[in-house]
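> Dropping the sequence and predicted coords here.
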Amino acid sequence: MKLKNTLFAGIAAVAGASALLASNMAFAQKDWPTKSIQLVVPFAAGGPTDTIARLIAVPMGQSLGQTVVVENVPGAGGTIASTKVARAAPDGYTIYIHHMGMATANALYDKLPYDPMTSFEYIGQVADVPMVLLGKKDLPANNFKELEAYIKANGSKVTMANAGPGAVSQLCGLLFQSRLGVKLTNIPYKGTGPALTDLLGGQVDLLCDQTTQTIPYIKDGRVKAFGTTTMKRLPAIPNVPTLNEQGLKGFEVKVWHGVYAPKGVPQPVLDKINAALKKALNTPDVRKRLEDSNIDIVPMDKVSAKGLKSHLESEINVWGPVIRKSNIPD
Ligand code: ASP
């Protein structure tokens, strides 16, 4: 009897505690957010991912009624940040923006402490960003043909910056080198923000970077643009030919981005984040800033968990075999 009573008391206490927990959680979800939200960026400040993050952080914060603070967690091509986010509390106060590196990491790294398909909640796709092959201003080559000749003559003396294994600048750079049949000296940075600073300063020769913050430097001649990674020329820089039209047939890289949260964030909170993201992408200032850099904002139905998750899955299937076959070095 005593045992029975104790058992009943125990069950009642557990039921009471879980009812309290459930009502606390419901309350927390209803009131969320009550403090600032951290938006993790897997590359250094000043780069393309950071730029998009800062652009959406302000309007997202305005619609959520709390500041969205960007936190740069660079290193290992974004996998350090992905690990941090996968392990963060699923309370909606940590969210994450990453590009297609989310789909390539599995094939590039032997063991990841997270699984891109199961460790996250998916909030939505954001934007697709073209890339440009850039050279430092005083590089002797003035066009793609001259660049090819310069590279053939100088081989590994030519340096090419990237943002580490898994960064799109690295993939683009390696794709370029393999199409030319050359091996340059590849120099990793914590993001293409600092890599671009060194290109502008003349410390490194080449960089394949996104258009997000490179267009003004191309327009005012502070860097040389040898070709875009798109099939059509970009309206913002119509004088820059595509790599495709200059002989690198089919050389196309567009960098897609997505917003994530740790696995287990309650659905009502995810819905609020998704609504704020959609609203941010429809803000006239954000649209103009992205359009000026020839960045495509994705259709709104892709700014959804379903849109992002299915795109991620198909990209993992595309990139996995390509990377495994190409033996990309660390
Ligand atoms: N997008 C990265 C950055 O923001 C660079 C990269 O992936 O190459 O720096």
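Ah, there it is.
> distance of residue 30 from the ligand?
35 Å (Cβ to the nearest ligand atom, to the nearest Å). For the C-beta atoms, the positions are set from N, CA and C on the backbone; glycine is no exception.
> for residue 215, same thing?
Distance from residue 215 to the ligand, by Cβ to the nearest ligand atom: 15 Å.
> Start at 349, not 1
Let's use 349 as the start, then, which means that last one is residue 563.
> Let me know whether that residue touches residue 640 as I believe.
Yes: if you go by Cβ atoms under 8 Å, residue 563 and residue 640 touch, sitting 7.2 Å apart.
> Spit out the residues that contact those two alike.
Common neighbours of residue 563 and residue 640 (criterion: Cβ atoms under 8 Å, 6 or more residues apart in numbering): residue 584.
> So for the two, which sits in the more crowded spot?
Neighbour count, other Cβ atoms under 10 Å: between residue 563 and residue 640, residue 563 has more, with 20 against 13.
> For stretch 509-528, what is the distance to the chain centroid?
Put simply, stretch 509-528 sits 15 Å off its chain's centre (Cα atoms, centre = their mean, to the nearest Å).
> Now do the strands in the stretch 349-498 of the chain.
385-389, 416-420, 442-447, 468-484 (DSSP state E, counting those that start in this stretch).
> Make a markdown table from those strands and add distance to the ligand, mean neighbour count and mean pLDDT to it.
As requested, those are exported to a markdown table (distance: least, Cβ to the nearest ligand atom, whole Å; neighbours: other Cβ atoms under 10 Å; pLDDT from 0 to 100):
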| stretch | distance to the ligand | mean neighbour count | mean pLDDT |
| --- | --- | --- | --- |
| strand 385-389 | 7 | 22 | 98 |
| strand 416-420 | 9 | 17 | 98 |
| strand 442-447 | 6 | 26 | 98 |
| strand 468-484 | 8 | 25 | 97 |
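> okay if I get the ones you listed as a markdown table plus distance to residue 517?
As requested, the strands of the stretch 349-498 of the chain are exported to a markdown table (distance: least, Cβ to Cβ, whole Å):
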| stretch | distance to residue 517 |
| --- | --- |
| strand 385-389 | 15 |
| strand 416-420 | 16 |
| strand 442-447 | 10 |
| strand 468-484 | 8 |
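> Tell me which residue of this structure lies closest to the ligand.
For the chain and the ligand, the shortest gap (Cβ to the nearest ligand atom) falls at residue 395, measuring 2.7 Å.
> Spell out which residues sit in contact with residue 489, please.
Contacts of residue 489 by Cβ under 8 Å, 6+ apart are 483, 495, 497-498, 572, 574.
> ok, now residue 469?
Counting by Cβ under 8 Å, 6+ apart, the residues that residue 469 touches are 438, 608-613, 618, 653.
> can you check residue 470 too?
Going by Cβ under 8 Å, 6+ apart, residue 470 touches 606, 608, 653-654, 656-657, 660.
> who does it bridge with?
For residue 470, the beta-bridge partners under DSSP bridges are residue 608.
> how much space between it and residue 539?
Distance of residue 470 to residue 539, given as Cβ to Cβ, to the nearest Å: 24 Å.
> now swap in residue 618 and tell me
With Cβ to Cβ as the criterion, residue 618 and residue 539 are 28 Å apart.
> who in the protein is up against the ligand?
Residues of the chain found near the ligand (Cβ under 6 Å from any ligand atom) are 391, 395-398, 447, 511, 515-517, 539-541.
> Take those and write them to CSV, including distance to residue 671.
As requested, the residues of the chain next to the ligand are exported to CSV (distance: Cβ to Cβ, whole Å):
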residue, distance to residue 671
391, 19
395, 22
396, 21
397, 20
398, 25
447, 15
511, 16
515, 13
516, 12
517, 15
539, 21
540, 20
541, 24
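> Pull the contacting residues for residue 543.
Contacts of residue 543 by Cβ under 8 Å, 6+ apart are 395, 509-511, 517, 535, 537, 552, 555, 557.
> Those in helices, which ones?
If you go by DSSP state H, those have residue 517 in helices.
> Quickly list what the residue nearest the centre of the chain is bridged to.
Geometric centre of the chain, nearest residue: residue 447, 2.4 Å, by Cα atoms, centre = their mean. Bridge pairing for residue 447 (DSSP bridges) gives the partners residue 605.
> Surely residue 491 touches residue 573?
No: with contact defined as Cβ under 8 Å, residue 491 does not count as touching residue 573 (10.0 Å).
> name the element residue 575 belongs to?
Using DSSP states H and E, residue 575 sits in strand 571-576.
> Would you mind putting the CA coordinates of that strand into PDB?
Extracted in PDB, the C-alpha atoms of strand 571-576 (Å, rounded to 0.1, in the frame of the first residue of the first chain):
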ATOM      1  CA  VAL A 571      40.300  44.700 -58.900                       C
ATOM      2  CA  LYS A 572      40.300  43.000 -62.400                       C
ATOM      3  CA  ALA A 573      37.400  40.800 -63.300                       C
ATOM      4  CA  PHE A 574      38.300  38.000 -65.700                       C
ATOM      5  CA  GLY A 575      34.900  36.300 -65.900                       C
ATOM      6  CA  THR A 576      31.600  35.500 -64.300                       C
END
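> Perfect, I'm done here.
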